[in-house]
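Peer 1: I would like the atomic coordinates for the input below:
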Amino acid sequence: RCKRRRHRYLRSDAIEWVLERGRDDVAPIRSAAMPQSVGQVVATFRKEYAKTPRKLKIIDAFLVSSLMSAVVQFLYMLIVGTFPFNSFLAGFLSSVGFFVLTVCLRMQVNPNNPEFADVSDESAFFDYVLSNVLLHLVVFNFIG
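Peer 2: Below you'll find the model as predicted:
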C-alpha cells in the first residue's frame, strides 16, 4: 500500500512539473518530422555524426572495438565451450569493463555535456587510465 501511495505522489509531482514548465518544451518534440524509412534514419545519423569532434570519434572507435571483442569472446565460448571458465570471464569482463570506462571517458570529454563542464580533459583521462589499471589488475588476479 505504501508503494502505491508513493507512486501516485510521484506521478502527480511529475504532472505538476510538466504543467509548471509549460508546453514550450514539448512543442519541438511534437513538431519534429519522424523519419519515414531506415535510409532516412541512417542519413540523419551520418549528417549529425559528422559534427562530432575528432577525439570523440576516436573514442567511439575504441568503443566499437571493445564491444566487438566481447561479442567475439562470447561467440567463441558458445561454439567451443567454457572449459577455462575463469579465462572466459576474465576476458569478457575485461572487454565489458573497458567499454563502460570508455563510455564514462566519452561523457566527460564531450564538450556538449554540461554536466562535466568543470572536468578537464587531462583529469578525465587520468581517471580513465587509473580505472583501467585497477580493472586489469582485478582481471589478471581473477585469471589466476
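
Peer 1: List the buried residues of the strand or helix carrying residue 130.
Peer 2: Assigned by DSSP states H and E, residue 130 falls within helix 121-143. Within helix 121-143, the residues scored as buried using 16 or more other CB atoms under 10 Å are 124, 128, 131-132, 135, 139. Backbone N, C-alpha and C define where each C-beta goes, glycine included.

Peer 1: I'd like the residues you listed laid out as TSV, including distance to residue 36.
Peer 2: Formatted as TSV, the buried residues of helix 121-143 follow (distance: CB to CB, whole Å):
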residue	distance to residue 36
124	39
128	40
131	43
132	43
135	43
139	46
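
Peer 1: Just put the residues you listed in JSON lines and tack on distance to residue 101 and pLDDT.
Peer 2: Converted to JSON lines, these look like this (distance: CB to CB, whole Å; pLDDT from 0 to 100):
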{"residue": "124", "distance to residue 101": "11", "pLDDT": "93"}
{"residue": "128", "distance to residue 101": "6", "pLDDT": "95"}
{"residue": "131", "distance to residue 101": "5", "pLDDT": "96"}
{"residue": "132", "distance to residue 101": "6", "pLDDT": "95"}
{"residue": "135", "distance to residue 101": "7", "pLDDT": "95"}
{"residue": "139", "distance to residue 101": "12", "pLDDT": "91"}
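
Peer 1: Now the two most distant members of those residues.
Peer 2: Across those, the longest distance by CB to CB is 22.1 Å; it joins 124 and 139.

Peer 1: just curious, which of the buried residues of helix 121-143 is nearest to residue 85?
Peer 2: Distance to residue 85 across the buried residues of helix 121-143 (CB to CB) is lowest for residue 139, with 14.2 Å.
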